[in-house]
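Asker: could you work out the structure for the sequence below:
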Amino acid sequence: MSDGVIYRCQGILVCLKRRIVDPDIVEIIKGLKNDRVVIMGRKVSSYAQATLGILGIEPYDGDDAEEKEFIPELIKYTSG
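Answerer: Model (predicted):
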């Protein structure tokens, strides 16, 4: 379902930039790990997994090289 995809992605990025780790919000982000809708060239699940890893909540332990490259990109994007 692509309805509201921009809001889901924006919410994830705001949480990352502001380092929000509220348990209720973290649960919502964890639920988005299965969201396969693509926005800005990536699945919402990629944003969710990377954010959880960067925030130290759930480290990414997969072997997908593209996913691993995305984490430093997000850190750079949300820094400063």
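Asker: hmm, who's touching the helix or strand of the chain with the lowest mean pLDDT?
Answerer: Least confident helix or strand of the chain, by mean pLDDT, DSSP states H and E, is helix 65-78 with a mean of 84. Applying CB atoms under 8 Å, 6 or more residues apart in numbering, the external contacts of helix 65-78 come out as 13, 16-17, 42, 46-47, 49-51, 53-54, 60, 62. Every C-beta, even on glycine, is put in place using the N, C-alpha and C of the backbone.
Asker: closest one to Ile28 out of these, please.
Answerer: Thr51 (11.1 Å; CB to CB).
Asker: now do the same contact list for that closest one.
Answerer: Thr51 touches Ile12, Leu13, Cys15, Leu16, Ile29, Leu74, counting by CB under 8 Å, 6+ apart.
Asker: ok, now with 6 Å
Answerer: Ile12, Leu16 (CB atoms under 6 Å, 6 or more residues apart in numbering).
Asker: thinking again about what came up before, check which residues of the least confident helix or strand of the chain are buried.
Answerer: With burial defined by 16 or more other CB atoms under 10 Å, the residues of helix 65-78 counted as buried are Glu67, Phe70, Ile71, Leu74, Thr78.
Asker: what does stretch 49-67 give?
Answerer: Gln49, Ala50, Thr51, Leu52, Gly53, Ile54, Tyr60, Glu67.
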